[in-house]
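Colleague: How does the following fold in three dimensions:
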Amino acid sequence: MRLLYISIVLFFLLPVSLLAADTEAVEGKTAYPFLIHTPETSSVEKQPVFIFLHGRSLCGHNLERVKRYGVLYAMDKGTDVPGIVVAPQAPGGWDADKVMEVVDYVLKNNPNADESRIYVCGMSLGGYGTMEVAGKYPDRIAAAVAICGGGNISEAENLAKVPIELFHGTADRIVPISESRKIMKAIKNVDENANVTLTEIKGGTHGSVERLFHQPDIYEWLLQHTKSKS
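Modeller: Next up is the predicted model:
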């Protein structure tokens, strides 16, 4: 009976233990410290790289905070994200060059990382950061997802070159939905055929849209896109 009890406890703890075992903290190597989750696989197949940019509430100097919501949190709750997941932490606002410094470090130190499948996604402040990274590095980002954020309309021409999905709750009182509408309009004004969509979530608040990271659809959509090597 005792053995059965122990087996049941281990079964329910297993997903969390595996995530913890495969998630490494990297500090002092790049401008942003980051957590990296590398899937256990014996395959030599190249792995896509998912970059998650957090919101203002997780800024600081404690990497454990980055697990509180977003991609790593969704994985901890059972969501399958098929690839390398990287979650940097910013002390304040996001800087696109520093994010790409993290990406370059990951590519250099993970031979299986696929440079043609680099995906960036973020929420709130991280949504703005996502658009900044995609806007400054459209030649390197295969696709992007920005949730309850916004973007700089001066980057619309470059953003039009990157497949982008925007999500925003209509009841967001922290970042108004007009921010996503504004950048969406700017991109479409540059190129009406640009692969960018805005999904407005009726009644969605600033926090409730976090559930999107727990749905496989986002990752499946990102994986449909590959950046051709020049």
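Colleague: so residue 113 sits right up against residue 47, yeah?
Modeller: Yes - using CB atoms under 8 Å as the test, residue 113 is close enough to residue 47 to be in contact (6.0 Å). In short, each C-beta sits where N, CA and C put it, glycine included.
Colleague: which neighbours do the two share?
Modeller: Both residue 113 and residue 47 are contacted by residue 84, under the criterion CB atoms under 8 Å, 6 or more residues apart in numbering.
Colleague: C-terminal to the helix or strand of the chain with the lowest mean pLDDT, what's the next element?
Modeller: When the helices and strands of the chain are compared on mean pLDDT, DSSP states H and E, helix 2-22 comes out lowest with a mean of 42. Read in the C-terminal direction, the helix or strand following helix 2-22 is strand 23-26, with elements assigned using DSSP states H and E.
Colleague: If you count contacts, what does that following strand end up packed against?
Modeller: With contacts defined as 3 or more CB pairs under 8 Å, 6 or more residues apart in numbering; DSSP states H and E, strand 23-26 has these neighbours: strand 34-37.
Colleague: Could I get the buried residue list for the strand it packs on?
Modeller: Buried residues in strand 34-37, defined by neighbour count with 16 or more other CB atoms under 10 Å: 34-37.
Colleague: between these, which is nearest residue 158?
Modeller: Distance ranking of the buried residues of strand 34-37 against residue 158, using CB to CB, places residue 34 first at 24.3 Å.
Colleague: Not counting sequence-adjacent ones, nearest residue to that closest one?
Modeller: For residue 34, the nearest residue in space outside its immediate sequence neighbours is residue 88; the separation is 3.9 Å by CB to CB, 6 or more residues apart in numbering.
Colleague: ok, that neighbour - contacts?
Modeller: The contact partners of residue 88, taken as CB under 8 Å, 6+ apart, are 30, 32-34, 51, 53, 66, 98-99, 102.
Colleague: now it: how far from residue 125?
Modeller: Distance from residue 88 to residue 125, counting by CB to CB, to the nearest Å: 13 Å.
Colleague: what's the overlap in contacts for the two?
Modeller: With CB under 8 Å, 6+ apart applied, the overlap between the contact sets of residue 88 and residue 125 consists of residue 53.
Colleague: Now the longest strand seen in the chain: average pLDDT?
Modeller: Among the segments of the chain that qualify as a strand by DSSP state E, the longest is strand 113-123. Average pLDDT, strand 113-123: 97.
Colleague: For it, name the packing helices and strands.
Modeller: Packing partners of strand 113-123 (3+ CB pairs under 8 Å, 6+ apart): strand 47-53, helix 96-109, helix 125-136, strand 143-147, helix 216-222.
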